[in-house]
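S.K.: just need the structure, nothing else, for what follows:
(chains A and B)
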2 protein chains.
Amino acid sequence: MYRDRIRMPALHNKVMTAAAAAALIHDGMTVGMSGFTRAGEAKAVPQALAERAKARPLKISLMTGASLGNDLDKQLTEAGVLARRMPFQVDSTLRKAINDGSVMFIDQHLSETVEQLRNHQIKAVDIAVIEAVAITEHGHIVPTTSVGNSASFAILAKHVIVEINLSQPLALEGLHDIYIPTYRPTRQPIPVVRADSRIGSTAIPIDPGKIAGIVISQQPDSPSTVLPPDEETQAIASHLVRFFADEVAHGRLTRELMPLQAGIGTIANAVMHGLLQSPFENLTMYSEVLQDSTFDLFDAGKLAFASGSSMTLSARKHAQVFADFNRYKSRLVLRPQEISNHPEVIRRLGIIAINTALEFDIYGNVNSTHVGGTRMMNGIGGSGDFARNAHLAIFVTKSIAKAGALSSVVPMVSHVDHTEHDVDILVTEQGLADLRGLAPRERARQVIDHCVHPSYRAALNDYFERACARGGHTPHVLRDALLWHINAEETGHMVAL
Amino acid sequence: MYRDRIRMPALHNKVMTAAAAAALIHDGMTVGMSGFTRAGEAKAVPQALAERAKARPLKISLMTGASLGNDLDKQLTEAGVLARRMPFQVDSTLRKAINDGSVMFIDQHLSETVEQLRNHQIKAVDIAVIEAVAITEHGHIVPTTSVGNSASFAILAKHVIVEINLSQPLALEGLHDIYIPTYRPTRQPIPVVRADSRIGSTAIPIDPGKIAGIVISQQPDSPSTVLPPDEETQAIASHLVRFFADEVAHGRLTRELMPLQAGIGTIANAVMHGLLQSPFENLTMYSEVLQDSTFDLFDAGKLAFASGSSMTLSARKHAQVFADFNRYKSRLVLRPQEISNHPEVIRRLGIIAINTALEFDIYGNVNSTHVGGTRMMNGIGGSGDFARNAHLAIFVTKSIAKAGALSSVVPMVSHVDHTEHDVDILVTEQGLADLRGLAPRERARQVIDHCVHPSYRAALNDYFERACARGGHTPHVLRDALLWHINAEETGHMVAL
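M.R.: Have a look, this model is predicted:
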C-alpha cells in the first residue's frame, strides 16, 4: 500500500478518504494549507470540504503559502467556507467576496505570516493540510512543487493531514531545503550566504503522532496561465537588459549580475526571457516562484542555479521539465517562503528584484494591489520583502491599460504598497527611469520623460508644473491628485484625451 | 600637542585651522560628515565652510548620519552651500529651502545610505569630516557621541578631515563598536545576536595617509530639545504599558519584553519614561538614538543594556551622565547606523519599535514626513528600518494638533511612509488599536473606536460608512479621501466641527 510513498509502517492505518479527512476540520478552525502560486496545494481535502459545506455549512480561516490552483479558492468561496483568508490569493470569485466585504482578507508580506504565527500574534493553526510526495521512515513530510508555509504550518499545527499526490513524482524528493529560524530571543543568523546554500533538511520534521489522516490523491497542479511575451513586454525586457549592461560597463555589476528575483506573472516572466538574448552568463536566481523562464534560461546555459519557494510551469514546459527532472535537480532548491523572502538573506545577497506594478506615480510610489484605491486585485505578495532589501528594486508595467483608457503612470497612486524610499528603477515599454539618489522633483522628471505613454505626457507635465508652482518637497495639487482615478471610476477614462 | 588625543606622531603636522581644512572642500564635492541627531557632528569645519562661502560661493552635496546640531544646517543653507542633502534633517531653515525646491533632499531609510555608497549607486564621498575624541596609535578614528555613517564615510572617502573635540571626554573611547558588512557577493551574516553583542573594533580603521587635516575644536553638542512628558504623552505611555502587560499575561512577551527601539522626539521619549512605572525589568534597548529616558531607566535599575548609534541628551542629563560616565559605559554601545538599523538584526532580535507618526489613516497607513502630502518635515529616518522588521511595529501620536484644528487620524493619509502591511499597533492619548491579523475594514473599526479624538469620531465614522457602502477591500470615497487635507490647506481646519 504505497510503501514507497508512506515509508513509516505505523502510519498506514491513517490512510482515509478525502471526505473523512475533511470531517476533521470543524467550524471556526484555522486551517493552514500547502500551496504557493498554483503549485503544491492540497487538492482532495479542500474539495471535499467545499462539498461537505454544501450539506453542513461551516466557516474557517484559511492560510496558505500564496495562491492556490485547481479553482480551490473559487470552490471554497462558493461553498461559503471562507470567513478569513491570508496571506495572498488570485482568484476572481474570492476577489469579489473580499471586495464586497464577505471574506476578510489579510494581505501580508509573504515572509511574515509564519513569524506572526510562531509568536502567537495571529490565531494558531488548528490543523494543517499538506500535499506531499512521500512520508519518510521517520514520519517526516516531503513536499511537492512548493514549500511555501507548509513546514511551519505542519510544525505549529495540533494536527496534520497529509495528501500524498501520486501525480507528483518521487524525483522531487531531495529538492527541498527546510530550515526554520530558531526561536527568539536566542535566534541565530540564517546561514544562507549564496543562492545555492543548503542549510536544512529535505523533509519537514514533525512528530508523526500529529498526523491525523493521510489522503491519496492524483490531481495535477494547474498549469501556469502566464502569457507569452508581446511587443510591449519585449520592449520592457530590452530596456532592462540595456540598463544592466550599462551597470556592468560602470563597474557596478559583473556579467553574472546579482541573484535575480522575478515576481509572478506575464511581465516579469517576459523580462526574464529577455535575458536569453543578453551578454550575461552564469546567472543565479534567488526568487519565490520559478516560472517557465527559469527553465528556459537553464536550457540556454545562461542560468547556473535557481532558488525558489515553488515551481509554476505551463503545461508544455511542465511536460518537458518533468520528463527529465534529474537534469535540473542539482541546480534547484525550494525553500520555505520565510527563507526565500527573508529580509536578512535578500539584503545579504544583494538581490536584483523585478516585480510588477499595477500603477506608479511621478514620485515613484508603487501600487501593487488596489484598483482605484479600494478594490483588491491579488495582494502584495513577496514584492515588499524583496523591494525593501534589494540591491536594485525594479518595478515594471505597461504604460497604459484598457486600450489606453488608463495610464499606469499617475499623479498620485490611489494606494501605496511600496514607498518612494524603496523604489530604484521603473520600467515601461516607453523606457526606464533610474531614480537612485534623486530628490522627488528630479524623480518626477525622470518618470515623466521616460516611462509615461506619450498620450498622457502633456497631462502629467501639466500636473507636475502646477504642483511645483505651489511648492513642497513632493509637490502635489491635492484637489487634483486623485482626479485621474475618480475620472476612471466615473467615466472609464482617466483623462479626456 | 594633544598627545593623548593624536597618538600617531606622524599626524601631528596635519593639525590646521578650521579655515584651512574647509579650504580642502571644493565646489561640486560630495562631503560626508559625522553627526546623528545633534550628536557628534563635525562643528568647526562646516562653520568655517559657511563663512568661506559668503566670500567665495560654492555648492556641495552633504551627507551625514542624520540631523546636525549647532544650527549647522541653518548656517550652511543660509550661506548657500547646500545643493543636495541626505539622508535626514530637522532644521527649519533647511526645511524651507527643501520645500521651495532650492535644496534637493534625498529622504532615505537610515540603514541604506552607506549600502548605496558602497555599491557606487550614489555619488562617491570625496571628503569626510569626522568628529573624534582621539586618533589612535594606528591612525584610527575614535568617534564621539555618535557613530552614524562616520565609519563608512571615512573608509570610502578619498580624504578625511578629523575634528578632535576637546569637549568630548576621552572616557567615550571604548564605547563604540565599528563593524562594516563584508562586500557582496561574499557577504557573511552580521554576527549581532543580542543587544549587547560586540562584533567590531572601538575605532574606525582607515589608512592614516588619507587624513588630510586635523582640526582642534571645543564646541559641545547641542542639547536635546525634547519636551517633558505632558498629560497626553503620559496617557499614550500608559496605554502602551497596559498593552505590554497584556502581552505578558498572554505569554506573548516576558517581563523583560523584547529589545526596545524608540524614535527621536518628545512622544517616544515620554513613552520610554512610562516604563519607569511599569512591572517590566531587565529591559534592553536596540535603538538608534539614546535619549534622556534611556539613562533614567538605567538610573531606576530598569534597563540592563542599551545599543544605539548616538546619545542625545538634555543639558541637565548630559551633565549628570558625563560626570560619572564609567558608571554607564559597560552597559552601552554605539554602532554604525547601518548596524543599529539593519533589517537583518532587527528581524533576528524581534524588536519592539516605537515611532512617532505625523498622521495615520483609518486603515493604518502612516505618514511620518509630509504635511499636506507635499511639505517635508524631517524625513523618514530609521522608522521604516525598524517598523518593517519589528516584532511589534508601534506608531504613536497625539490625536489632534493645532489646538484641535487638525486630526492626526484621517480618512486617507496624504503621504504614505509605512503601509498598512507594516503597522501593528497605533496609539494616541485616546487609546490603542491592535491591528494584528485584521483585514482593512476591521482595522478601521479599531482605529476609529480607539484612537481618534471624540470631536472627529462622527466625521470619520460617516466617511467609513459611506466608503463601505461603495464596497472594496479597503473602502474609500476617492472624491472625499483627501478632503480633510484640502480643507486644512484652505481654511486651517480639517473639518468644520
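
S.K.: residues from the stretch 301-450 of chain A in reach of chain B?
M.R.: Within the stretch 301-450 of chain A, the residues that sit near chain B (C-beta under 8 Å from any C-beta of the partner chain) are A:342-344, A:347-350, A:365, A:370, A:372-376, A:380, A:384, A:388-389, A:391, A:412, A:414-422, A:424, A:436-439, A:441-442. C-betas here are computed from N, CA, C, even on glycine.

S.K.: which of those residues fall within strands?
M.R.: Using DSSP state E, the members of these that fall in strands are A:370, A:375-376.

S.K.: TSV for those residues, including pLDDT?
M.R.: Supplementary listing: those in TSV, determined by pLDDT from 0 to 100:
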residue	pLDDT
A:His370	98
A:Arg375	98
A:Met376	98
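
S.K.: average model confidence for the helix or strand where A:Tyr328 lies?
M.R.: When secondary structure is defined by DSSP states H and E, A:Tyr328 falls within helix A:326-329. With pLDDT averaged residue by residue, helix A:326-329 scores 96.

S.K.: which PyMOL command selects the buried ones in the residues of the stretch 301-450 of chain A next to chain B?
M.R.: Per 16 or more other C-beta atoms under 10 Å in any protein chain shown, the buried members of these correspond to this PyMOL selection:
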select buried, chain A and resi 342+343+344+347+348+349+350+365+370+372+373+374+375+376+380+384+388+389+391+412+414+415+416+417+418+419+420+421+422+424+437+438+439+441
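
S.K.: what's in contact with the helix holding A:Tyr328?
M.R.: Residues from elsewhere that reach helix A:326-329 (C-beta atoms under 8 Å, 6 or more residues apart in numbering or on different chains): A:171, A:174-175, A:295, A:298, A:321.

S.K.: buried subset of those residues?
M.R.: Judged by neighbour count, with 16+ other C-beta under 10 Å as the criterion, the buried members of the contacts of helix A:326-329 are A:175, A:295, A:298, A:321.

S.K.: and the nearest residue to the last one once chain neighbours are set aside, what does it touch?
M.R.: Spelled out, it's A:Val321. The shortest distance from A:Val321 to any residue that is not its chain neighbour, by C-beta to C-beta, 6 or more residues apart in numbering or on different chains, is 5.3 Å, and that residue is A:Phe295. Under the criterion of C-beta under 8 Å, 6+ apart, the neighbours of A:Phe295 are A:313, A:317, A:320-321, A:328.

S.K.: phi, psi of A:Phe295?
M.R.: For A:Phe295, the backbone dihedrals are phi -80, psi -30 (criterion: degrees, to the nearest 10).

S.K.: tell me how far it lies from chain B.
M.R.: From A:Phe295 across to chain B, the span is 24 Å (C-beta to the nearest C-beta, to the nearest Å).

S.K.: over to A:Arg316?
M.R.: Between A:Arg316 and chain B the computed distance is 34 Å (C-beta to the nearest C-beta).

S.K.: now do the SS call for that residue.
M.R.: The three-state label given to A:Arg316 by DSSP: H, G, I helix; E, B strand; the rest coil is helix.

S.K.: tally of neighbours for it?
M.R.: Residue neighbour count, defined by other C-beta atoms under 10 Å in any protein chain shown, stands at 11 for A:Arg316.

S.K.: same thing with A:Ile199?
M.R.: A:Ile199: 14 surrounding residues under other C-beta under 10 Å.

S.K.: circling back: what's the closest of the ones in strands among the residues of the stretch 301-450 of chain A next to chain B to A:Asn461?
M.R.: For those, the residue nearest A:Asn461 by C-beta to C-beta is A:His370; the value is 25.9 Å.

S.K.: return the residues in contact with the closest one.
M.R.: Listed by C-beta under 8 Å, 6+ apart, the contact partners of A:His370 are A:358, A:376-377, A:414-415, B:472-474.

S.K.: tell me which of the residues of the stretch 301-450 of chain A next to chain B fall in helices.
M.R.: When helices are assigned by DSSP state H, the members of those inside them are A:343-344, A:347-349, A:384, A:388-389, A:441-442.

S.K.: which ones are touching the residue in the stretch 101-250 of chain A that chain B sits nearest to?
M.R.: When scored by C-beta to the nearest C-beta, the stretch 101-250 of chain A has A:Pro189 as its residue closest to chain B, at 3.3 Å. Contacts here follow C-beta under 8 Å, 6+ apart; on that basis A:Pro189 touches A:344, B:189-191, B:193, B:344, B:348.

S.K.: take the residues you listed and lay them out in CSV including distance to B:His450 and pLDDT.
M.R.: Formatted as CSV, those follow (distance: C-beta to C-beta, whole Å; pLDDT from 0 to 100):
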residue, distance to B:His450, pLDDT
A:Glu344, 33, 98
B:Pro189, 40, 98
B:Ile190, 37, 98
B:Pro191, 40, 98
B:Val193, 36, 98
B:Glu344, 33, 98
B:Arg348, 31, 98
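
S.K.: quick revisit: okay, and the residue of the stretch 101-250 of chain A closest to chain B sits in which element?
M.R.: Counting by DSSP H and E, A:Pro189 is held by no secondary-structure element, helix or strand.

S.K.: then A:Val129?
M.R.: When elements are assigned from DSSP H and E, A:Val129 belongs to strand A:127-132.

S.K.: what helices or strands is the following helix or strand past that strand leaning on?
M.R.: Going down the chain from strand A:127-132, the next helix or strand is strand A:134-135, by DSSP H and E. Strand A:134-135 makes packing contacts with strand A:141-142, strand A:159-165 when contacts are defined by 3 or more C-beta pairs under 8 Å, 6 or more residues apart in numbering or on different chains; DSSP states H and E.

S.K.: adding distance to B:Gln116, write the ones in helices among the residues of the stretch 301-450 of chain A next to chain B out as a markdown table.
M.R.: Supplementary listing: these in a markdown table, determined by distance: C-beta to C-beta, whole Å:
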| residue | distance to B:Gln116 |
| --- | --- |
| A:Pro343 | 17 |
| A:Glu344 | 19 |
| A:Arg347 | 12 |
| A:Arg348 | 16 |
| A:Leu349 | 16 |
| A:Gly384 | 19 |
| A:Arg388 | 14 |
| A:Asn389 | 13 |
| A:Arg441 | 19 |
| A:Glu442 | 16 |
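
S.K.: farthest pair within those?
M.R.: Maximum pairwise distance among those (C-beta to C-beta): 34.3 Å, between A:Glu344 and A:Arg441.

S.K.: close to chain B: what parts of the stretch 101-250 of chain A are there?
M.R.: Proximity of the stretch 101-250 of chain A to chain B is assessed by C-beta under 8 Å from any C-beta, with A:101, A:104-109, A:115-116, A:119-123, A:181, A:184-191, A:193-194, A:250 identified as the residues in range.

S.K.: would you map the strands across the stretch 1-150 of chain A?
M.R.: All strands of the stretch 1-150 of chain A, identified by DSSP state E, counting those that start in this stretch, fall at A:30-33, A:60-63, A:82-86, A:104-105, A:127-132, A:134-135, A:141-142.

S.K.: what about the second one, average pLDDT?
M.R.: Right, the one you point to is strand A:60-63. In this model, strand A:60-63 carries a mean pLDDT of 98.
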